[in-house]
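Student: Sequence plus predicted model, see below.
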Amino acid sequence: MFADICLPVPFESFTYLVPPALESQVGVGVRVVVPFGKSKKYVGLVLAVHGNEPQGVTVKEIETVLDTAPIVTTLQLDFWRWIAHYYMCPLGDVFKAAFPAGMKKDEGEKKRRRKNIVEQFDGTGCPGVQNQLNEWQQTAFRQIQDSWQTHDITLLHGVTSSGKTEVYIHLIQQYIDKGKQVLYLLPEIALTTQITNRLRAVFGEKLGVYHSKFVDADRVAVYLKQLSGSPYQLILGVRSSVFLPFRDLGLVIVDEEHETSFKQQDPAPRYHARAAAVMLARQYGAKTLLGTATPSIETFKLAQDGRYGYVRMDRRFSDMQMPDIEVVDIKRLKFQKRMKGSFSQTLLDAIDETLKAGGQVILFQNRRGFSSFIECKNCGWVPRCEHCDVSLTFHKKTNALTCHYCGSTYMLPARCPNCEEASFMNVGLGTERIEEQIRTFFPEARVTRMDLDTTRTQNSYSQIIDAFSRHESDILIGTQMVSKGLDFDNVHVVGILDADMMLNLPDFRSFERTFHILAQVAGRSGRKGRKGRVILQTRSADSEIIRDVVDNNYEEMYRTQIAERELFRYPPFTRLIYVYLLHRDFHTVEHLANQTADLLRKSLGLRVLGPDCPPVGRVQSMHIRKIILKMQTSDNVARTRQLLQSIVGQVQAQPIANSLRVYFDVDPV
Ligand code: ADP
Ligand code: ZN
Ligand code: ZN
């Protein structure tokens, strides 16, 4: 007897011999320990059991069987195969992503099995407390259900604070009452204690939370509980929770559906959790609700075309008004030398007034890389990573320089290696720099900073949010993390320091994304009983996108963007696939990328663009080339996959391509 086994390596599967003593224990969906390579051992998952002896290879034996019953269902395996197929990666990569680390390890297995189900949190709150929906929330609630009669997938387009979450809660209750399970997906950084507490108060012990920032043992416990006879009926989780087992899934909610962080970037599988969730729901015959204040262009088009149902909520809860957005032209102010550091007088005055009135302020600083750079005052030399083509981030507190790609740390040199000058200046408009300025303008104010550096440790993000909502801090400075579905009562003013950084990114989504972020940030102000104020500093005060944000005009933004996408053949009018080639040697990767693109052109013609060197052309000493494929939406997915794999296989078969790495990014964001 033989078994095909999936291992946490980038291949489909490997065939092993099942020793007669284990034959009764080995079945599809159980984990086994197998030898791999010269001396390694892996935990793998049995995909199939059969009698076909592989030819021309020596077959190794399964060593132990870890489970007495399958730990993945056949539906889950189908789902894995769909991910591998659509996102063009080996099944082994999906296996790696699907389980918490503890389930891919051999040690301590007995202890963990099944009974080690720790209850999360402490079951606080008194379950059952549920707000009454107001009139238009009830209307939306009914419309969503009507819409599901004809459309399994429905978009709920509701302005910030319209009470989408309340509507979700009532829908969830309905499905739980029917004995169905519900999956509630949120982007990583939007999953806070705020939302957890709201759901806990209503659903109590029925709620399980699945978050990558939890310790692994907790995630294992949730996974195993979902397999048990008494699973959580409601799972609140981040993108990886689509890999959990469900018994009877009835409803999937994808909140903040426009969030690009639903797409996994690295490592493979590079899947989009929204697309995966839609697929998962289809498998179970479940309904899907996509919710957001600012739909993604892709989703909105599907709703416009009648492929998705569409429900709108235009009024904020208790009918409070949308904030006023005041645009401050910082180009002119800079020219007139009237800026105070990164601040206009208008913004400083607004902060001052707010603080005097006992209110709170959020300052938003978007910056790619979330970082600040330094350069030599004399010659402009900028320190860069030795292994990656990026400038290093400067950390003032430790005087250290770090690379955000590979994590290398360097000391700030005493003198510029280029000109021997001994003074550097901090040029990045990072959050740290904003904090420094704010402390000089408002020395009395309590200031908190929220960015990649301050939220590295587990829970620190939630801690900052919770402290701010308890008014333990007056001013919160942050990157787009502050734009997520947070609910603050006392924020009078939101200041956007520089709206342009996002607009100028060389990406077909940069306008859409800018609109999302600005609209979400603006939605943070004036949430309870008060009209909020948003001060938006920009160097492109006349641009269309800024006007659309100020007017809160999603449709206008959509109209211009969709026209552009059609004209330039971008999604949703095409299906993008990026082909990445990586090699240590610059010339080798150049040569092989050209060769690959030529071969692709023979079959795909004008669908092929490049190869190009991406903005960061070298990471961890690997040179990178990227080929862009703009596939027709009518092109057959399976045929495309076959073609790409055969061409890449052909290139990789050459001796020169020995250590070439190739991977695909399907539907990149
Ligand atoms: P959204 O998800 O659309 O941003 P929320 O559901 O978070 O909106 O609602 C915004 C705020 O209004 C929250 O503090 C919420 O508790 C409150 N709220 C919304 N609807 C109701 C309701 N029907 N009864 C009581 N409070 C509500
Ligand atoms: Zn580096
Ligand atoms: Zn210098």
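Tutor: Good, I have the coordinates. Because the structure is predicted, anything quoted here is derived from the model rather than measured. Numbers count the residues shown, from 1 in each chain. Ligands and ions are numbered 1, 2, ... in the order given.

Student: Regarding stretch 420-440, how distant is the last residue from the first?
Tutor: 31 Å (C-alpha to C-alpha, to the nearest Å).

Student: before we move on, what about stretch 604-615?
Tutor: For stretch 604-615, the first and last residues are 25 Å from each other (C-alpha to C-alpha).

Student: Name the helix or strand of this structure that has the lowest mean pLDDT.
Tutor: helix 109-112 (a mean of 48; mean pLDDT, DSSP states H and E).

Student: Show me which positions of the one helix or strand Val651 maps to end up buried.
Tutor: Taking DSSP states H and E as the definition, Val651 sits inside helix 637-652. Neighbour counts using 16 or more other C-beta atoms under 10 Å place Thr640, Arg641, Leu643, Leu644, Ile647, Val648, Val651, Gln652 of helix 637-652 among the buried residues. Any C-beta I mention is one placed from the backbone N, CA and C, and that applies to glycine too.

Student: Save those residues as JSON lines, and put in pLDDT and distance to Tyr175 too.
Tutor: Output for the buried residues of helix 637-652, formatted as JSON lines (pLDDT from 0 to 100; distance: C-beta to C-beta, whole Å):
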{"residue": "Thr640", "pLDDT": "95", "distance to Tyr175": "37"}
{"residue": "Arg641", "pLDDT": "95", "distance to Tyr175": "35"}
{"residue": "Leu643", "pLDDT": "97", "distance to Tyr175": "42"}
{"residue": "Leu644", "pLDDT": "97", "distance to Tyr175": "40"}
{"residue": "Ile647", "pLDDT": "97", "distance to Tyr175": "46"}
{"residue": "Val648", "pLDDT": "97", "distance to Tyr175": "43"}
{"residue": "Val651", "pLDDT": "97", "distance to Tyr175": "49"}
{"residue": "Gln652", "pLDDT": "96", "distance to Tyr175": "47"}
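
Student: Could you grab the helix/strand/coil label for His587?
Tutor: At His587 the chain is in helix, as set by DSSP: H, G, I helix; E, B strand; the rest coil.

Student: ok, how many other residues are close to it?
Tutor: His587 sits with 9 neighbouring residues when counted by other C-beta atoms under 10 Å.

Student: any idea how far Lys626 is from it?
Tutor: According to C-beta to C-beta, to the nearest Å, His587 and Lys626 sit 17 Å apart.

Student: cool, Phe141 as well?
Tutor: In terms of C-beta to C-beta, Phe141 sits 45 Å off from Lys626.

Student: show me the contacts for Leu75.
Tutor: Applying C-beta atoms under 8 Å, 6 or more residues apart in numbering to Leu75 gives the contacts Gln283, Tyr284.

Student: my bad, Glu257
Tutor: Leu155, Arg274, Leu290, Gly291, Thr292, Pro295, Ser296, Thr299.

Student: Which pLDDT does the model give the residue of the stretch 1-150 of the chain found nearest ligand 2?
Tutor: Per C-beta to the ion, Pro10 is where the stretch 1-150 of the chain lies closest to ligand 2, at 22.9 Å. What the model reports as pLDDT for Pro10 is 90.

Student: for the stretch 51-200 of the chain, what are the low-confidence residue spans?
Tutor: 107-120, 122-128 (pLDDT under 70).

Student: try 50 this time
Tutor: Counting by pLDDT under 50, the stretch 51-200 of the chain contains low-confidence ranges at 109, 111-120, 122-125.

Student: what about the helices in it?
Tutor: 74-86, 91-98, 109-112, 135-150, 164-177, 193-203 (DSSP state H, counting those that start in this stretch).

Student: From the ones you listed, pick the one with the highest average neighbour count.
Tutor: helix 91-98 (a mean of 23; mean count of other C-beta atoms under 10 Å).

Student: which parts of the chain sit against ligand 2?
Tutor: By the rule C-beta under 5 Å from the ion, the part of the chain lying against ligand 2 is Cys385, His387, Cys388, Cys403, Tyr405, Cys406, Ser408.

Student: if I look at the second one, how far off is Tyr405?
Tutor: In other words, His387. With C-beta to C-beta as the criterion, His387 and Tyr405 are 8 Å apart.

Student: Overlap in contacts, these two.
Tutor: Common neighbours of His387 and Tyr405 (C-beta under 8 Å, 6+ apart) are Val619, Gln620.

Student: just to revisit the earlier point, also within reach of ligand 1: list those from the buried residues of helix 637-652.
Tutor: With C-beta under 6 Å from any ligand atom as the criterion, the buried residues of helix 637-652 include none near ligand 1.

Student: picking that back up, after the helix holding Val651 comes which helix or strand?
Tutor: Taking DSSP H and E, what comes next after helix 637-652 is strand 661-666.

Student: before we move on, back to that, of the contacts of Glu257, keep whichever come out buried.
Tutor: Taking 16+ other C-beta under 10 Å as the criterion, what is buried in those is Leu155, Arg274, Leu290, Gly291, Thr292, Pro295, Ser296, Thr299.

Student: from those residues, which is closest to ligand 3?
Tutor: Using C-beta to the ion, these come closest to ligand 3 at Ser296, 44.4 Å.

Student: can you tell me which residues contact the closest one?
Tutor: Contacts of Ser296 (C-beta under 8 Å, 6+ apart): Glu257, His258, Glu512.

Student: Rank those residues by pLDDT and give me only the lowest.
Tutor: Out of the contacts of Ser296, that is Glu512, at 92.

Student: Report the separation between that one and ligand 2.
Tutor: Separation of Glu512 from ligand 2 (C-beta to the ion, to the nearest Å): 30 Å.

Student: Leaving out sequence neighbours, find the closest residue to the residue nearest the centre of the chain.
Tutor: Centroid-nearest residue in the chain: Ser261, 1.9 Å away (criterion: C-alpha atoms, centre = their mean). In space, and not counting its chain neighbours, Ser261 is closest to Pro187: 4.7 Å by C-beta to C-beta, 6 or more residues apart in numbering.

Student: can you tell me how far that neighbour sits from Phe262?
Tutor: Taking C-beta to C-beta, one finds Pro187 at 6 Å from Phe262.

Student: the more surrounded of these two?
Tutor: Phe262 (24 against 21).

Student: what's the closest non-adjacent residue to the more buried one?
Tutor: The nearest residue in space to Phe262 (C-beta to C-beta, 6+ apart) is Ala273, at 4.2 Å.

Student: repeat for Gly102
Tutor: Using C-beta to C-beta, 6+ apart, the closest residue to Gly102 is Val220 (4.2 Å).

Student: Which residues in the host helix or strand of the one you found does the neighbour count mark as buried?
Tutor: Element membership for Val220 (DSSP H and E) is helix 216-227. Neighbour-count burial for helix 216-227 flags Asp218, Arg219, Val220, Ala221, Val222, Tyr223, Leu224, Lys225, Gln226, Leu227 (criterion: 16+ other C-beta under 10 Å).

Student: Is it correct that the third one is in contact with Lys105?
Tutor: Meaning Val220. No: look at Val220 against Lys105 with C-beta atoms under 8 Å: they stay out of range, at 9.8 Å.
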